[in-house]
Structures are given as structure tokens and as C-alpha cells.
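1. Give me coordinates for this.
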Amino acid sequence: MVQLSRDQVWTVVDPDPENRLGARFDPIVFALASMNVIAVVLSTVESLGDRYSSFFAALLVGSIVLFTGLYVIRLWAAGSAPHGNVRSPRFAFVRDPIAVVDLFVIATFWIGFLFEISLLESGLFRVLWLARVLNLSWFRHSRRRFKRVLDAQRADLIVAFSGAGMFVLVSSTLMYFVEGSVQPDAFSSIPDTLWWGL
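-> Model (predicted):
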């Protein structure tokens, strides 16, 4: 039987994988999370919810069991993560936003399951797994670039958003005075007309 060291396990399950196997593993985890989000959405359609309820339930339980196991494995293997300036790599992993989302979804399911709280057992919190798109490698690089652009162009963006806000306010105010008496239901006040302006 092949025994993997903690270092080898971490290179595969690392949320920011550098090896080829880890890079393939991450999209599989994302696909499973996406399937759960799609299942939550489709289960709200009454005909689909009734017809495929057993499939949706099996997907939920299977996914939660897999994500619970993955979270425990990542927590164990995180001890091998590069230390950098972090004193405890496990603590750094637990604080990672995606790990927080995973723990929240997993905990809400198990609490709901053990204490028979239907709201927590439902798919409501599984939609949070959409946040996993932020952790895909191509998205991480884009996110860093986007942050650099925001930092470099902050003053220009403030001017642009201020100008856009001023334009919406002025156009909504003009529309209120022009159309308010003709369409009092739609333009009953400037705040109501702001909704039209937006």
C-alpha cells in the first residue's frame, strides 16, 4: 500500500496548488461545489424539486461528506504549508476565506442534521460555495491584477463614480419634476425616481 507523507498530500490539496496533480484537483472541487449551487437553484423549481428530490438529497449528503473529509485532510496537511511570515500554517489555512466558507457550510449542515433544524439542512448555505470561483488559479491572478489597478487608479475611480452618482441624481430629479405630476405612481418622490435613474 502506498503511503503519502503530509508534504505530498499538501501539494495535492493545497488551495493554491503548484504541482500538476493539485492543479487538476482544484477544478474538480470547484465543479462539485458548482453542482451543489445548480442543484439548490433547480430544487426550487417545484416540478424538478419533486421529481429529483432523492438525487438532490444524495448530492447534498455526498458533497458534505466529501467536503468534510477534504477540510480535515487540508487541516492536517496544512502543517506542511510554507511558513513564510506566518507562525502557524494551520492557523493561516483556517483563516483563509475559502476555508471559512467551507467550514461554515459544513458546520451549518451537520448542526442542522444533528439537531433537525430544517433551515440549516437546506441548500441555503451551499450557495456560498460560489465563492470558490474566487479561488481558482486563473481568477486569483486576475484578482491580484484588479487590486493593483484599483490601487493605482483610485483617484480616477472616485471621480468617475462621483460623476456617475451626480448624473443619476440630476437626471432623476429632472424626471421627477417633468413626469411626477403625470405618473405619480412611478415618480412619486425623488428617491423613488432614483430607482428609475439607476
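
2. shaky segments in the protein?
-> Within the chain, the ranges that satisfy pLDDT under 70 run 1-4, 14-23, 80-87, 118-124, 130-141, 143.

3. make it 50
-> Judged by pLDDT under 50, the chain has its weakly predicted residues at 1.

4. Could I get the full set of helices for it?
-> 6-13, 20-43, 46-51, 53-77, 89-95, 97-115, 118-121, 137-152, 154-179, 190-197 (DSSP state H).

5. Mind checking those helices for the one nearest to Trp129?
-> Smallest distance to Trp129 across the helices of the chain (C-beta to C-beta): 3.7 Å, for helix 20-43. To be clear about C-beta, it is placed using only N, CA and C from the backbone, and glycine gets the same treatment.

6. Give me the angle between the closest one and helix 6-13.
-> 50 degrees (axes from the mean of the first three to the mean of the last three C-alpha atoms, to 10 degrees).

7. Need the CA coordinates for helix 20-43. CSV is fine.
-> Taking C-alpha atoms only, helix 20-43 is exported to CSV below (Å, rounded to 0.1, in the frame of the first residue of the first chain):
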residue,chain,number,x,y,z
ARG,A,20,0.1,19.3,-11.9
LEU,A,21,-2.0,16.9,-9.9
GLY,A,22,-3.0,19.7,-7.5
ALA,A,23,-3.9,21.9,-10.4
ARG,A,24,-6.3,19.2,-11.7
PHE,A,25,-7.7,18.5,-8.3
ASP,A,26,-8.8,22.1,-7.6
PRO,A,27,-11.2,22.4,-10.6
ILE,A,28,-12.8,19.1,-9.6
VAL,A,29,-13.5,20.5,-6.1
PHE,A,30,-14.9,23.7,-7.8
ALA,A,31,-17.1,21.6,-10.2
LEU,A,32,-18.6,19.7,-7.2
ALA,A,33,-19.3,22.9,-5.4
SER,A,34,-20.9,24.3,-8.6
MET,A,35,-23.1,21.2,-9.0
ASN,A,36,-24.4,21.9,-5.5
VAL,A,37,-25.2,25.5,-6.3
ILE,A,38,-27.0,24.4,-9.5
ALA,A,39,-28.9,21.7,-7.5
VAL,A,40,-30.0,24.4,-5.0
VAL,A,41,-31.3,26.6,-7.8
LEU,A,42,-33.1,23.7,-9.6
SER,A,43,-34.6,22.3,-6.5
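
8. Off-centre distance for stretch 164-182?
-> Relative to the centre of its chain, stretch 164-182 is centred 36 Å away, using C-alpha atoms, centre = their mean, to the nearest Å.

9. I would like the residues contacting that stretch, please.
-> Ala186, Phe187, Ser188, Ser189, Ile190, Thr193, Leu194, Trp196, Gly197, Leu198 (C-beta atoms under 8 Å, 6 or more residues apart in numbering).

10. at 6 Å what do you get?
-> Contact with stretch 164-182 is made by Phe187, Ile190, Thr193, Leu194, Gly197, as judged by C-beta atoms under 6 Å, 6 or more residues apart in numbering.
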